[in-house]
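> 3D, please:
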Amino acid sequence: VFSYRKAAMLAQLTISHFAIVRELEIDFHSGMTAITGETGAGKSIIIGSVSMALGGKASRDSIRHGADYAYIELVFSVKGEDRLRALRELDTEPTEDGLVIISRKITPSRSISRINDETVTAARLRQITGLLLDIHGQHEHQSLLYKSKHLEILDAYVKAQTQPAKKKMEEEYKNYCILKKRLSSFEMDHDARLREAD
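Numbers count the residues shown, from 1 in each chain. A predicted model of the protein is given here:
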């Protein structure tokens, strides 16, 4: 299962010469997309290719027999000012159409990852793709690997229960600040008190 970060959606997946797949292109549309098939049909290969494109460990064994390389490309449609700002803070600028294109080419000697045709390290790739997509599976959950995401996940889970309390606390803190400022306006410094006494 893929879950999209707010305001980002996987629009297209292209796989070439990966495992048993020669060529595959999947267009995703808004709503739910279900990929079904018999055991051995290649559902796990699709998930594995996406995981590898997001920065997972690349193995030369994943190159299709007889091919020189394996290639995976993910096209994300990104909307929403918060998500765009977060990407820009990581020096990633979506295209004019709001697309972020992530590709990974695996050869027998190395693998190359690119974001919008710019070569990136695996660490930077994982950092950026963490803003776009998460993978949920029986044995894997990408975002749980990053401590920085733990608070975000917890907040999203308990938001409905904690939002009223957070709102009330915010209002009370504002009132506290107003009263504190008012109180300080009544207080005089030592010299002012002496002048007043005279």
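> Please report how far the residue nearest the centre of the chain lies from Lys79.
Taking Cα atoms, centre = their mean, the centroid of the chain lies closest to Leu131, which sits 1.7 Å from it. As judged by Cβ to Cβ, to the nearest Å, Leu131 and Lys79 stand 13 Å apart. Quick note: C-beta positions are derived from backbone N, CA and C, even for glycine.
> again, but for Leu10
13 Å.
> Three-state assignment for Thr119, please.
Three-state assignment for Thr119 (DSSP: H, G, I helix; E, B strand; the rest coil): strand.
> average pLDDT across the top strand by length along the chain?
In the chain, taking DSSP state E as the definition, the longest strand is strand 8-18. Model confidence over strand 8-18, given as mean pLDDT, is 89.
> So what touches that strand?
With contacts defined as Cβ atoms under 8 Å, 6 or more residues apart in numbering, strand 8-18 is touched by 2, 4, 21-28, 30, 45-46, 49-50, 62-64, 67-80, 83, 99-100, 106, 131-133.
> Give me the buried entries from those.
Buried subset of the contacts of strand 8-18 (neighbour count, 16 or more other Cβ atoms under 10 Å): 2, 21, 28, 45-46, 49-50, 62-64, 69-78, 83, 100, 106, 131-133.
> Helices - which of those land there?
45-46, 49-50, 83 (DSSP state H).
> Check these and tell me the two furthest apart.
The distance between the two most remote of those (Cβ to Cβ) is 28.8 Å, for Ile45 and Arg83.
> and the gap between Leu74 and Glu196?
Shown here: Leu74 relative to Glu196, a distance of 73 Å by Cβ to Cβ.
> How about Met52?
Going from Met52 to Glu196 by Cβ to Cβ gives 76 Å.
> Then Thr95?
On the measure of Cβ to Cβ, Thr95 and Glu196 end up 69 Å apart.
> Could you single out the nearest of the ones in helices among the buried ones among the contacts of strand 8-18 to Tyr176?
Proximity of those to Tyr176 was ranked by Cβ to Cβ; the top entry is Arg83 with 34.0 Å.
> surely that closest one meets Leu131?
Yes - the pair Arg83 / Leu131 is scored as a contact, 6.6 Å apart, by Cβ atoms under 8 Å.
> where in the chain is pLDDT low?
In the predicted model of the chain, residues 1-7, 134-150, 153, 188 satisfy pLDDT under 70.
> mind listing what Lys105 touches?
Lys105 sits next to 69-71, 111-112 when contact means Cβ under 8 Å, 6+ apart.
> Kindly recompute the last result at 10 Å.
Lys105 makes contact with 16-17, 58, 69-73, 111-114, according to Cβ atoms under 10 Å, 6 or more residues apart in numbering.
> Which is the succeeding secondary structure element to the lengthiest helix in the chain?
If you go by DSSP H, the chain has its longest helix at helix 150-186. Scanning forward in sequence from helix 150-186 by DSSP states H and E, the next helix or strand is helix 190-197.
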